[in-house]
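Visitor: Build me a model from this:
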Amino acid sequence: MRMPALPLILLPLAACSSLFGGEPQVVNPAPPGVSYRVINQDAAAADRRAQDYCGRYGKTAKTQKTDAASDGTIVEYSCS
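Guide: The predicted model follows:
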């Protein structure tokens, strides 16, 4: 019994299409941002923790937003 050649030709083409023509893949994902609650005006501690968190990804923390809350201040950072 002889096997048809068409499936043998299509198999490598299917593999190539998944490598080059499929959905884009994330190569170097950006880490998510991080938020800290600042109590007693200790923003320096929140800054250090954000830098440590972003540093795990080889990034630096940048303050994005600061919001007043009833029990302190919420500071949001992005890693870039």
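
Visitor: which neighbours does the host helix or strand of residue 73 have in its sheet, and in what orientation?
Guide: Per DSSP states H and E: residue 73 is located in strand 72-79. According to DSSP bridges, strand 72-79 has the following sheet partners: strand 34-38 (antiparallel), strand 61-69 (antiparallel).

Visitor: all helices of the protein, in order?
Guide: When secondary structure is read from DSSP state H, the chain shows helices at 5-20, 43-55.

Visitor: Quickly note the distance from the nearest residue to residue 59 once chain neighbours are set aside to residue 32.
Guide: In this structure, residue 59 finds its nearest non-sequential neighbour in residue 79, 3.9 Å apart by C-beta to C-beta, 6 or more residues apart in numbering. All C-beta spots, glycine's among them, are computed from the backbone N, C-alpha and C. Residue 79 is 8 Å from residue 32, where distance means C-beta to C-beta, to the nearest Å.

Visitor: neighbour count winner among those two?
Guide: For residue 79 versus residue 32, neighbours defined as other C-beta atoms under 10 Å are more numerous around residue 79 (20 against 9).

Visitor: so what's residue 34 scoring on pLDDT?
Guide: Per-residue confidence at residue 34 stands at 88 (pLDDT).
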